[in-house]
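>>> take this sequence and fold it.
(chains A and B)
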Amino acid sequence: MQFFGGSEISPLPPLPTASGNNAHMMYVFNRNGVCLLYREWNRPLRTLNAQQDHKLMFGLLFSLKSLTAKMDPTSVEKGNLGVPQLPGQGCSFHSFRTNTYKLSFMESPSGIKIILVTHPGTGDLRESLKYIYNLYVEYVVKNPLYSPGTPFRSELFDKALDQYVRGLG
Amino acid sequence: MAAIYSLYIINKSGGLIFYKDYGSAGRMDTNDSLRLASLWHSMHAISQQLSPTLGCSGIELLEADTFDLHCFQSLTGTKFFVVCEPGTQHMEGLLKVIYELYTDYVLKNPFYEMEMPIRCELFDINLSQAVQKDRVALLGR
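You can find the predicted model right below:
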């Protein structure tokens, strides 16, 4: 896979089509379910407090992953529902859509999960998530002062992220 | 024309009332299909809570690596969902047709008890016709 190879961010971000900001929020979780980053741009409705919201989101992704792994109609041996799976193992999912939002999901081989919630009409964001993952590697992981597995705050990352997300079509 | 793998119908409390397999690999036993159905019911409900804006009515399309799952929820809370090959078209239309068949052949059947598993011959016959590939293609017109 390309996204954990090259050390520099690809010079051309994959898609931006300059149609304004239609991203709602973004989450980054590590493999233990700790929310490393939560960022929101446009969220009029909040039903829960922040911590509960992160937990619910992680739980939803976890359960949806066990659902897709079990439902996978192309593999014969699927194990039991809810059996623990390593990142990359079993059938996963990359997005779901409701009438009010679209959630795109990516999991890196080390178990970092990146979740982007956007307008329901947004197209395929898999490449964009890889680009955001690259930003995370460049600005957060490579920061010598960052201890892995802890929530992060990085001005450079936030700036690059905001700029990129604003251009998402 | 892409294929449909399976069809589920769940009642408003998350119980599986109809399941039909159209050729997925590997056997799914009754317990597994029941568990998957109720898991989907909860995920559908949670997705509404996490919506950033008002008026969310749950997941309509889930895109997994090897399949797409299209879900339609009727006004009474009965959920219909099909599992099909990635990128299959006209699934919303098919779900509406299945809903229509359900109201005609299941709900109007005087021997059918609400929220109970569906065992109606006419429903089965008409469903298998609707799911035939060439018919699904016609829905696009």
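>>> any idea how far residue A:132 is from residue A:168?
10 Å (C-beta to C-beta, to the nearest Å). Every C-beta, even on glycine, is put in place using the N, C-alpha and C of the backbone.
>>> excluding chain neighbours, what is closest to residue B:3?
residue B:85 (5.3 Å; C-beta to C-beta, 6 or more residues apart in numbering or on different chains).
>>> what's the pLDDT at that neighbour?
Each residue has a pLDDT score; the one for residue B:85 is 93.
>>> any idea how far it is from residue B:100?
Distance, residue B:85 to residue B:100, using C-beta to C-beta: 24 Å.
>>> just residue A:22 next, same as before
For residue A:22, the distance to residue B:100 - C-beta to C-beta - is 34 Å.
>>> those helices in the chain, which residues are they?
Because you didn't say which chain, this covers chain A. For chain A, applying DSSP state H gives helices covering A:50-71, A:126-136, A:155-166.
>>> oops, wrong one, chain B.
Counting by DSSP H, the helices of chain B are B:30-49, B:91-101, B:121-131, B:133-138.
>>> can you add mean pLDDT, mean neighbour count and distance to chain A and give those helices back as JSON lines?
Listed next are the helices of chain B as JSON lines, based on pLDDT from 0 to 100; neighbours: other C-beta atoms under 10 Å in any protein chain shown; distance: least, C-beta to the nearest C-beta, whole Å:
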{"stretch": "helix B:30-49", "mean pLDDT": "95", "mean neighbour count": "17", "distance to chain A": "5"}
{"stretch": "helix B:91-101", "mean pLDDT": "94", "mean neighbour count": "18", "distance to chain A": "12"}
{"stretch": "helix B:121-131", "mean pLDDT": "93", "mean neighbour count": "15", "distance to chain A": "15"}
{"stretch": "helix B:133-138", "mean pLDDT": "68", "mean neighbour count": "12", "distance to chain A": "16"}
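>>> so which of the ones you listed is nearest residue B:12?
helix B:30-49 (8.9 Å; C-beta to C-beta).
>>> chain B: which of the helices of chain A is closest?
helix A:50-71 (4.2 Å; C-beta to the nearest C-beta).
>>> check which helices and strands that closest one is in contact with.
In terms of contacts (3 or more C-beta pairs under 8 Å, 6 or more residues apart in numbering or on different chains; DSSP states H and E), helix A:50-71 is packed against strand A:23-29, strand A:35-40, strand A:93-98, strand A:113-118, helix B:30-49, strand B:59-64.
>>> all set, thanks.
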